[in-house]
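Chemist: fold the following and give me the result.
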Amino acid sequence: MNNQNVKSIVSKMNLRRQFLEMIMLDIRFFDKNSKLTQTPVRVLPKELAVFLKEYPVGGIVLFRENLQNLEEIIQLTNDLQQNSINGRFIAVDQEGGVVARIPEACDMPGNMALGALNEAYYTQKTAKLIGFELRKLGINFNLAPVVDVNTNPDNPVIGVRSFGSDPNLVAKHGIAYSKGLHASNIISCCKHFPGHGNTSVDSHIAMPTVNGTSEELYNNELLPFKNIIRSGVDAVMSAHIVVPGLDEYGIFSSKAMKIIPIPATFSEAIMVDVLRKELGFRGLIISDALDMNAITNNFTPLEAVLNSIKAGVNVVIMPLHIRTPDEINQFVDFFEEALKIIDHYSYFQKVIFNSCCRITELKLKKVTPFLNKQFSVDEAKKNIRKYVGTQNNRKFEDDLAFRCVTLFKNEKGLLPWRVKKEDRVLLISENSLINDDVSIELNRLGFFNVAGWNYSVDKNAGFEIIGNDKVLLITCNLTIKKASQIQFIVEDLNAKNISYVLISGNNPYDILYLKNVHTNVLAFGCSGFEQTNNLSRKFSLNITQTVRKIMTADKITDFNENIPVDLKIIN
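Modeler: Numbering: from 1, shown residues only. Below is the predicted model:
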């Protein structure tokens, strides 16, 4: 659409409506009795419907709690599109792999598995299928791809969400992922600018710092963003991280009552000078969630929003919750106070007008046209299972995950394993979800002589490993403390000459904590605690396909051998 036409549309909105367009809230929980009982919102409550009519915010981000049933999702997204001018952004973190919010949709193997396979065709096809399923559900905005370069093995929040530790590899697959979403008419959003991969702190918990000179940052963290911006990504999400190499100044924290290093989300030097001017980004800048501790430990919601807008952010995500009637009232008070301040300063008015133009332009391109093309809600509900989580889609993700299984160490030529159906197989892992996933897959493959040991629960049991023909030892995000127990098991297996394979269930870096492991296979994802949604999540795709590969491979070339991260420091 012509830029003048967009400006004409936005000029007809008053300042209040323009400001509302910049806000994206979550509706993860709601309790009408003002008690924080964390009742998931799967059907839009009357109270929230009334609120969204009176305060028609520009977007809603949905979480796993909202997305348990396909038919309910269709009704919910349809209801959320009411009382909006050009439609609402309906967003979700459907990255694939360990971060996927819709249980009945396809999970896909995730970014690091795709980085290991290193075939852009499959990355683009994966994102296209993810986007296709989202569009059928009425979701128009995927908060993906992650293009952080994961160079820190101790990174607690990125890890396998990254394509790898090589910025060129990350750029290649970030571009392919974005193109796949665009092929399904889904808004793409690369994150977390200017790069969250080299941190050892989770910004959900505290404020991380990414060190490095400006030159180092441009050659590593910023390179994928630079390339994906050139390819036409729709949005960029900011990170709540401190980057002294790009902005060495501070900002006053009203909660700490002192000057602290400025987070990227609040930095005009990073959001405007680097992202807009140097990298040439013309699309939408959105904040990461403003309810994360990196922000809330230091700033009020009002300060967070105004600082973000001042820095050049166009959409602010989750500055407050609206989970009870009391919290709705708190949002109203916050909004009216912010509006008074904005109304007083022409600078804010100009910035908000420009932001609303960017928002409107993107909505007219990728939101509004599809609202008019949708089938009736009843018809969409009736047919949704013909499109989402179908047998063909599941077969694609199974086959893809199988291709991504990566062999890192095979020092003694143990693999291929040549397992017999009558062999006794012992599973050793840290949680019952993993053991259950693997046991079911082994049974499906015809292996029924299977036992399991959960070492995190039964730490001192001294489980008898003699008498087992094969052992699958599965780790998941090792720490120094957890690794000591695994090391003891490894030494016991070695001493007793038991045939075993160590599977790095999630992060490939687990092997860095261990010695004398002769056979190591990388899965890039398993069931366990999911940091971004703060709950335990079942994710069986990668681990089951890894086990299938180990138990059925006829030759060593059946395994992928591309390693997407630097593991060379292993002794």
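
Chemist: verify the stated contact: N477 with N507.
Modeler: Yes: under the criterion of C-beta atoms under 8 Å, N477 makes contact with N507 at 5.4 Å. Yep, even glycine has a C-beta here, placed from its N, CA and C like the rest.

Chemist: which neighbours do those two share?
Modeler: Common neighbours of N477 and N507 are listed as G159 (criterion: C-beta atoms under 8 Å, 6 or more residues apart in numbering).

Chemist: not counting its neighbours along the chain, what's nearest the residue of the chain most remote from its centre?
Modeler: Most distant from the centre of the chain: G467, at 41.9 Å, with distances by C-alpha atoms, centre = their mean. Computed as C-beta to C-beta, 6 or more residues apart in numbering, the closest residue to G467 that is not its neighbour in sequence is R424, at 6.6 Å.

Chemist: still on that earlier bit, A strand includes the residue farthest from the centre of the chain, no?
Modeler: No: using DSSP: H, G, I helix; E, B strand; the rest coil, the assignment for G467 is coil, not a strand.

Chemist: got a pLDDT number for it?
Modeler: Model confidence at G467, given as pLDDT, is 84.

Chemist: use 13 as the first number from now on
Modeler: In the new count, where the first residue is 13, that last one comes out as G479.

Chemist: look up how far N461 lies from it.
Modeler: Distance, G479 to N461, by C-beta to C-beta, to the nearest Å: 11 Å.

Chemist: for D522, same thing?
Modeler: D522 is 27 Å from N461, where distance means C-beta to C-beta.

Chemist: what's the answer for I271, then?
Modeler: Applying C-beta to C-beta to I271 and N461 gives a distance of 64 Å.

Chemist: more crowded one of the two?
Modeler: Neighbour count, other C-beta atoms under 10 Å: between I271 and N461, N461 has more, with 15 against 11.

Chemist: surely the more buried one meets R436?
Modeler: Yes: assessed by C-beta under 8 Å, N461 is found in contact with R436 at 4.8 Å.

Chemist: wait, is V182 part of a helix?
Modeler: Yes: per three-state DSSP, V182 lies within a helix segment.

Chemist: what about it, how many residues nearby?
Modeler: Counted with other C-beta under 10 Å, V182 comes out at 32.

Chemist: check contacts around it.
Modeler: Going by C-beta under 8 Å, 6+ apart, V182 touches 127, 159-161, 174-176, 235-236.

Chemist: okay if I get those residues as TSV plus neighbour count and secondary structure?
Modeler: Listed next are those as TSV, based on neighbours: other C-beta atoms under 10 Å; DSSP: H, G, I helix; E, B strand; the rest coil:
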residue	neighbour count	secondary structure
G127	28	helix
V159	31	coil
D160	31	coil
V161	27	coil
S174	29	coil
F175	33	coil
G176	27	coil
L235	19	helix
P236	30	helix
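
Chemist: out of those, the closest to F551 would be?
Modeler: Nearest to F551 among those, counting by C-beta to C-beta, is S174 at 16.6 Å.

Chemist: what's that closest one in contact with, if anything?
Modeler: Applying C-beta under 8 Å, 6+ apart, one finds that S174 lies in contact with 123-124, 127, 158-162, 182, 209.

Chemist: for it, which non-adjacent residue is spatially closest?
Modeler: Closest to S174 by C-beta to C-beta, 6+ apart is N162, at 3.6 Å.

Chemist: can you tell me how far that neighbour is from L181?
Modeler: Distance of N162 to L181, computed by C-beta to C-beta: 11 Å.

Chemist: then the residue nearest to S174 would be within a strand, right?
Modeler: No: under three-state DSSP, N162 sits outside any strand and is assigned coil.

Chemist: these two touch, right, it and P179?
Modeler: No: judged on C-beta under 8 Å, N162 makes no contact with P179 at a distance of 10.5 Å.
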